[in-house]
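Enquirer: Sequence and predicted structure, then a few things I'm wondering about:
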Amino acid sequence: MNTVNTSDGTAIFYKDWGPKDAAPIFFHHGWPLSSDEWDPQMLFFLDKGYRVIAHDRRGHGRSSQTDVGTDMDTYAADVAAVTDHLDLKGAVHIGHSTGGGEATRYVARAKPGRVKKAVLVGAVPPVMIKKENNPDGLPIDVFDGLRRAFIASRAELYFDIARGPFYGFNRPSAKISDATAWNWWRQAMMGATKAHYDCIAVWSETDFTEDLLRIEQPVLVMHGDDDQVVPIENSAKRAVKLLKEGELKVYGGYPHGMLTTHADVLNADILAFVRK
């Protein structure tokens, strides 16, 4: 099993598929999942001749179930540990949801030459929580309610998310896939309870405004306008305005988990951006 040990002794699991001299694409998964979230994309881009890399965030998936380092700076440092270990140059970094925040923080601070482009999909930046400088954000009660449900039954909460808003399976016209929901639940239950609980504050309260302003590389921002997890108006539509070279692509009626439900459409659009 491929792992990198960070400075605090945390083992970060990663996948690294394809020719080592091919153009690299690095994938950042969402909460509370694992690198398995990216299976449809990794197989697609592998087939197109790319080198594809994805890691399990600390406390998630097959990485160490540590109770420390649950903050965005450490997450980005863990990514840097992997990219340094593999000596990735000119990589495209693609992040979904919380992973979009992680990718944003990493790209903004990456060593020269490490990053060529970035893609943010249903991503949390600039900041989700409502506060004085973000009056249209979601109130703290939303996240406190999530925490209460988590403590009551993490397994039940994860099942409700997967069968409900994540993939839009709660919409009247939705075609529900039990296998998709159970795969989400499987990934989520692999991780550490404390790391997942603490991460709620990380993805809801971290402010990525300065990171977005610092990024020099081209960034594609992709978002579904029926995203019930990360509402588009206060995320993608604000984030793209802060980027020096940002492009926004909105998908009508698509849910938060559109990378899975509409993989064919998103994969083609990401490929076109990567090839530009």
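Expert: It's in. Residues are numbered from 1 along each chain as shown.
Enquirer: CA only for contacts and neighbour counts going forward, please
Expert: OK.
Enquirer: okay, how far is it across stretch 206-219, tip to tip?
Expert: End-to-end distance for stretch 206-219, by CA to CA, to the nearest Å: 20 Å.
Enquirer: Give the buried residues for that stretch.
Expert: 206-209, 211-212, 214-219 (16 or more other CA atoms under 10 Å).
Enquirer: which regions of the stretch 1-150 of the chain sit below the pLDDT cut-off?
Expert: By pLDDT under 70, the stretch 1-150 of the chain has no low-scoring segment.
Enquirer: Please, where are all the helices along it?
Expert: 39-47, 72-86, 98-109, 140-152 (DSSP state H, counting those that start in this stretch).
Enquirer: so which of these comes closest to residue 200?
Expert: helix 140-152 (7.3 Å; CA to CA).
Enquirer: Remind me what the next helix-or-strand element following the closest one packs against, helices and strands.
Expert: Note on helix 140-152: by DSSP states H and E, the next helix or strand toward the C-terminus is helix 154-163. Packed against helix 154-163, as judged by 3 or more CA pairs under 8 Å, 6 or more residues apart in numbering; DSSP states H and E, are the following elements: helix 178-190.
Enquirer: Packing partners of the next helix-or-strand element following the helix it packs on?
Expert: Counting by DSSP H and E, the next helix or strand C-terminal to helix 178-190 is helix 193-205. Applying 3+ CA pairs under 8 Å, 6+ apart, we find helix 193-205 packed against helix 140-152.
Enquirer: Report the buried residues of the helix it packs on.
Expert: Result for helix 140-152 [16+ other CA under 10 Å]: buried residues 140, 143, 146-147, 150.
Enquirer: So what touches that helix?
Expert: Residues outside helix 140-152 that contact it (CA atoms under 8 Å, 6 or more residues apart in numbering): 129-130, 157, 197, 200-201, 204.
Enquirer: Top of those residues by number of neighbours, please.
Expert: residue 129 (24 neighbours; other CA atoms under 10 Å).
Enquirer: I'd like the contacts of helix 140-152 as TSV, with distance to residue 89 appended.
Expert: Below are these laid out as TSV (distance: CA to CA, whole Å):
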residue	distance to residue 89
129	34
130	37
157	39
197	34
200	31
201	32
204	31
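Enquirer: farthest pair in these?
Expert: Counting by CA to CA, the most remote pair of these is 130 and 157, 23.0 Å apart.
Enquirer: Residue 253: which of the buried residues of stretch 206-219 is nearest?
Expert: residue 219 (22.4 Å).
Enquirer: Run through the residues that contact the residue minimising distance to the centre of the chain.
Expert: Among the residues of the chain, the one closest to the centroid is residue 99, at 2.2 Å (CA atoms, centre = their mean). Shown in contact with residue 99 (CA under 8 Å, 6+ apart): 28-31, 123.
Enquirer: what do you get for residue 108?
Expert: Residue 108 touches 211-212, 214-215, counting by CA under 8 Å, 6+ apart.
Enquirer: what about 7 Å?
Expert: Shown in contact with residue 108 (CA atoms under 7 Å, 6 or more residues apart in numbering): 211, 214-215.
Enquirer: Now, these that are in helices?
Expert: Using DSSP state H, 211, 214 are the members of those that sit in helices.
Enquirer: Relative to residue 10, which of the contacts of residue 108 is nearest.
Expert: Of those, the one sitting nearest to residue 10 (CA to CA) turns out to be residue 211, at 25.0 Å.
Enquirer: From residue 110, how far off is that closest one?
Expert: 11 Å.
Enquirer: how far away is residue 183 from residue 36?
Expert: The value you get for residue 183 to residue 36, if CA to CA is used, is 9 Å.
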